[in-house]
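J.: no sequence for this one, just the structure:
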């Protein structure tokens, strides 16, 4: 890494132990490597969450622009009647 900034962080004992265990098991060469990997995963997760939030906002705008809401009760009743009729017709 050409340029690095040294930081000091405080971790609860459980997290510090997990970090040491990951290094001691050979999963990572150093605590810094493990922390960098965790930060990359955190950054990736945040990017995905931002995309998901953006998509949800787009869908809400799309839904609001599609017109007034329709009460679910009558729609579900019509669907139920439709499928009951289909089952009756299939049994004949």
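T.: Right, received. Where do you want to start? Here the structure is a predicted model, which means the values were calculated and not measured.
J.: how many neighbours does the closest residue to residue 27 other than its chain neighbours have?
T.: With C-beta to C-beta, 6 or more residues apart in numbering as the criterion, residue 27 has its nearest non-adjacent residue at 7.5 Å, and that residue is residue 34. All C-beta spots, glycine's among them, are computed from the backbone N, C-alpha and C. When counting by other C-beta atoms under 10 Å, one arrives at 18 neighbours for residue 34.
J.: quick check: phi and psi at residue 34.
T.: Backbone torsions of residue 34, given as degrees, to the nearest 10, read phi -60, psi -40.
J.: what does residue 64 give?
T.: Note on residue 64: backbone dihedrals following degrees, to the nearest 10 are phi -70, psi -30.
J.: that one: neighbouring residues, count only.
T.: Neighbour number of residue 64 under other C-beta under 10 Å is 10.
J.: in this structure, which spans are strands?
T.: Counting by DSSP state E, the chain has no strands at all.
J.: can you list the weak-confidence ranges in it?
T.: Across the chain, the ranges flagged by pLDDT under 70 are 1.
J.: and the residue nearest the centre of it?
T.: Centroid-nearest residue in the chain, with C-alpha atoms, centre = their mean: residue 49, separated by 5.9 Å.
J.: my read: the residue nearest to residue 27 touches residue 23, true?
T.: Yes. Between residue 34 and residue 23 there is a contact under C-beta atoms under 8 Å: 6.3 Å.
J.: relative to residue 40, how far out is the residue nearest to the centre of the chain?
T.: Separation of residue 49 from residue 40 (C-beta to C-beta, to the nearest Å): 15 Å.
J.: what do you get for residue 34?
T.: 11 Å.
J.: how about residue 29?
T.: For residue 29, the distance to residue 40 - C-beta to C-beta - is 15 Å.
J.: likewise residue 17?
T.: According to C-beta to C-beta, residue 17 stands 22 Å off from residue 40.
J.: again, but for residue 54
T.: On the measure of C-beta to C-beta, residue 54 and residue 40 end up 21 Å apart.
J.: what comes into contact with stretch 15-27?
T.: Here stretch 15-27 makes contact (C-beta atoms under 8 Å, 6 or more residues apart in numbering) with 11, 28-31, 34-35.
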